[in-house]
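[1] Turn this into a model:
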Amino acid sequence: MSAILEGKAAVVTGGGRGIGKGHCLQLAKNGAMVVVNDIDLEEAEKVVAEIKELGAKATACKADITSIEGAETLVAHCVKEFGKIDIMVNNAGIAKDRTFMKMTIDEFDAVMNVHVRGTFCCAQAAAKSMKETGTEGVIINTASAAQFGNFGQTNYSAAKGAITSMTFTMAMELSRYGIRVNAVSPAGTTRMSDTFKGADGKLHKMPFIDPELNGPMLAYICSDEGKYITGQVFGIGANRVWLLDHPKYSVGMLKDGGWSLEDIKKNFKKAIGNRLESLGIQKAPYPYYDGVKAKPKKS
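    Below is the predicted model of the structure:
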């Protein structure tokens, strides 16, 4: 029996280390030919060597994913080496964590540039190639639970929320070409995970999670077995495969003629205000029922 991704050509951005490396190895183990893209070409070539030791095909490419030209170069590299592109995995990312009041605009822009702009450029370049060749391929974007809110990550949270919303729209628009678009929120111990801070603002050492544990679900949704899956976000890795609910309105109030301020003051708290969403990845009970108050300044 052939491997589930036999004959598929895949690109993984940020594939030289961590979760990206795990993606590359798992795609290769499941039969795919892999382009390992990374700004650190030496690390990318190490992953290529590992893949070739498995008896699979791979090549490295250092193209800049944050420009259309770089993304087109990356896709062209895949087509030149393997004849086509079937799978684009937008994994590359950076973290520049700092609390909102101290974050610089350069730190904000740097994270948005790699995550959001890089995802846009590579997804568009891949989709154009797939459309031109009639390839019913798949684009995998990378989300994160950080989009729920995470201390010290205004830039990263914003980027991941944007990528999730982009995924929904891309899936709607590209379905006419037979191109599927999904996102994964992976788990794994990496250099980036070592920067994780809890609600207390302190660094938390996470238990080791093998980045390759993301691979089986990634392979499934990239394969022809997953042809019915598009516009979805999955939490994967460790011991989980979890489907993310799409954003939606939950509870509300309706009133013919609209709501006056007095009506809202009278009805809001008992109808909606007692069901406000808790904040952040940890989802502690909603902490602000007594008001959002500034903490006293230290003397």
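
[2] Summarise which helices and strands the helix or strand that residue 140 is a member of is packed against.
    Per DSSP states H and E: residue 140 is located in strand 138-142. Counting contacts by 3 or more Cβ pairs under 8 Å, 6 or more residues apart in numbering; DSSP states H and E, strand 138-142 is packed against strand 87-89, helix 118-133, helix 154-174, strand 180-185, helix 215-222. For the C-beta atoms, the positions are set from N, CA and C on the backbone; glycine is no exception.

[3] So the residue in the chain sticking out farthest from the centre, which state does it fall into?
    Residue farthest from the centre of the chain, counting by Cα atoms, centre = their mean, is residue 262 at 43.1 Å. Three-state call for residue 262 (DSSP: H, G, I helix; E, B strand; the rest coil): helix.

[4] Could you tell me which residues make contact with it?
    By Cβ atoms under 8 Å, 6 or more residues apart in numbering, no residues touch residue 262.

[5] Residue 270 versus that one, what's the distance?
    According to Cβ to Cβ, to the nearest Å, residue 262 and residue 270 sit 15 Å apart.

[6] What segments of the stretch 1-150 of the chain are strands?
    For the stretch 1-150 of the chain, the strands defined by DSSP state E, counting those that start in this stretch cover 9-13, 33-37, 58-61, 87-89, 138-142.

[7] Now do the last one and helix 154-174, the angle between them.
    Meaning strand 138-142. Strand 138-142 and helix 154-174 are oriented at 160 degrees to each other (axes from the mean of the first three to the mean of the last three Cα atoms, to 10 degrees).

[8] Mind listing the strands strand 138-142 pairs with, and their directions?
    strand 87-89 (parallel), strand 180-185 (parallel) (DSSP bridges).

[9] can I get those strands in TSV with distance to residue 30?
    As requested, the strands paired with strand 138-142 are exported to TSV (distance: least, Cβ to Cβ, whole Å):
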stretch	distance to residue 30
strand 87-89	11
strand 180-185	15
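
[10] Tell me which of the ones you listed lies nearest to residue 115.
    For residue 115, the closest of those is strand 180-185, at 11.8 Å, according to Cβ to Cβ.

[11] ok and the closest one relative to helix 215-222, angle-wise?
    160 degrees.

[12] Need phi/psi at the nearest residue to residue 280 once chain neighbours are set aside.
    Of all residues not flanking residue 280 in the chain, residue 149 sits nearest, at 4.3 Å (Cβ to Cβ, 6 or more residues apart in numbering). With angles defined as degrees, to the nearest 10, residue 149 sits at phi 110, psi 130.

[13] do the one 3 residues further on as well
    Residue 152 has phi and psi values of phi 80, psi 10 when expressed as degrees, to the nearest 10.

[14] ok, and the closest non-adjacent residue to it?
    residue 97 (4.4 Å).

[15] what residues does the strand holding residue 140 touch?
    Here strand 138-142 makes contact (Cβ under 8 Å, 6+ apart) with 86-91, 93, 115, 119, 123, 126-127, 160, 163-164, 166-167, 170, 174, 179-186, 218, 221-222, 226.
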